[in-house]
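*Asks:* Below is the structure, and that's it, no one-letter string:
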């Protein structure tokens, strides 16, 4: 794991990704046609400060915020709308969030912008439902940041995170400062440390599911393992799961299969978080 460029970029690539992304686009379009959803609701003034809301109906038991991947500098929520229907079927409203991208903003500002969306998301859901923070890759990092946020200190005492689902997330971003990703992230030692949830674990944190593809690079799997160990050491609930036969993006195919091992892990997390 001494070559960060390989571990976080080159070694994560797969020749089947273009076909997989095309499938994601097709299934995302189907999710919009078939579901009760509102697209591009605003939570702030910035161009990308929007969210899609998939409505689970009056019997919803929670609202899940889903944060897309892209190393904080690429991609869009629209390509991942296909994950919403399976979560709606679990009785969750789903808010798919966009956020500003680096280098137009710093990673710290990007993270604060995501936090600022929570009142608007909860208001659309009806304010009284518990909040689940979820995301994939960079979105997993942002979901973990939501789980660590002291909302009362930010003047938002009515916001709280009941549980976190983090898929193939990045919790120690310091190695990324040694890769070509840093051309846009512009991290130095201090800002990378400050942006790393691994070093800011708290006690009394929300229950956590950390999952990754079993075929991802060792460094990516180690990100989840280390966060799991630190979260447990602080006395919190955490589950660690490596989905067999999946890489960084095919993992999402299992996310939308309720009977997959990953699907069962999500059900267990929701049972723990929403009980």
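*Replies:* Yes, it's here. Note that the structure is a prediction, hence the values are computed from the model and not measured.
*Asks:* so where's this structure shaky on pLDDT?
*Replies:* For the chain, applying pLDDT under 70 flags the ranges 1.
*Asks:* which residues of the stretch 1-150 of the chain fall in strands?
*Replies:* Counting by DSSP state E, counting those that start in this stretch, the stretch 1-150 of the chain has strands at residues 37-42, 50-54, 62-67, 92-97, 131-136.
*Asks:* Out of these, flag the one nearest residue 239.
*Replies:* Nearest of the strands of the stretch 1-150 of the chain to residue 239, taken as C-beta to C-beta: strand 131-136 at 13.8 Å. For every residue, glycine as well, the C-beta is placed using N, CA and C.
*Asks:* what's the closest one packed up against?
*Replies:* In terms of contact count using 3 or more C-beta pairs under 8 Å, 6 or more residues apart in numbering; DSSP states H and E, strand 131-136 is assigned the packing partners strand 62-67, helix 118-125, helix 138-148, strand 161-167, helix 261-274.
*Asks:* One more pass at 10 Å, please.
*Replies:* strand 62-67, strand 92-97, helix 118-125, helix 138-148, strand 161-167, strand 208-213, helix 251-255, helix 261-274 (3 or more C-beta pairs under 10 Å, 6 or more residues apart in numbering; DSSP states H and E).
*Asks:* Among these, single out whichever gets nearest to residue 51.
*Replies:* Closest among those, once you apply C-beta to C-beta, is strand 92-97, at 4.7 Å.
*Asks:* Off-centre distance for the closest one?
*Replies:* The chain centre lies 12 Å from the centre of strand 92-97; the measure is C-alpha atoms, centre = their mean, to the nearest Å.
*Asks:* same for it, what does it pack against?
*Replies:* Secondary-structure packing of strand 92-97 (3+ C-beta pairs under 10 Å, 6+ apart): helix 17-34, strand 37-42, strand 50-54, strand 62-67, helix 84-88, helix 118-125, strand 131-136, helix 138-148.
*Asks:* For the ones you listed, please prepare JSON lines with the additional fields distance to residue 108 and mean neighbour count.
*Replies:* Output for these, formatted as JSON lines (distance: least, C-beta to C-beta, whole Å; neighbours: other C-beta atoms under 10 Å):
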{"stretch": "helix 17-34", "distance to residue 108": "29", "mean neighbour count": "14"}
{"stretch": "strand 37-42", "distance to residue 108": "22", "mean neighbour count": "14"}
{"stretch": "strand 50-54", "distance to residue 108": "21", "mean neighbour count": "22"}
{"stretch": "strand 62-67", "distance to residue 108": "16", "mean neighbour count": "27"}
{"stretch": "helix 84-88", "distance to residue 108": "28", "mean neighbour count": "22"}
{"stretch": "helix 118-125", "distance to residue 108": "17", "mean neighbour count": "19"}
{"stretch": "strand 131-136", "distance to residue 108": "17", "mean neighbour count": "28"}
{"stretch": "helix 138-148", "distance to residue 108": "10", "mean neighbour count": "27"}
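*Asks:* What number of residues are in the vicinity of residue 107?
*Replies:* 25 (other C-beta atoms under 10 Å).
*Asks:* same check, this time on residue 7
*Replies:* Other residues close to residue 7 by other C-beta under 10 Å number 22.
*Asks:* how close does it get to residue 253?
*Replies:* Distance, residue 7 to residue 253, by C-beta to C-beta, to the nearest Å: 23 Å.
*Asks:* next one: residue 69
*Replies:* Computed as C-beta to C-beta, the residue 69 to residue 253 distance reads 14 Å.
*Asks:* ok, now residue 27?
*Replies:* Noted for residue 27: a distance of 10 Å to residue 253, by C-beta to C-beta.
*Asks:* any shared contact partners between the two?
*Replies:* 82, 83 (C-beta atoms under 10 Å, 6 or more residues apart in numbering).
*Asks:* what's near enough to touch residue 260?
*Replies:* Going by C-beta under 10 Å, 6+ apart, residue 260 touches 86, 243, 244, 246, 251, 253, 254, 266.
*Asks:* Surely residue 57 is in contact with residue 36?
*Replies:* Yes: with contact defined as C-beta atoms under 10 Å, residue 57 counts as touching residue 36 (7.6 Å).
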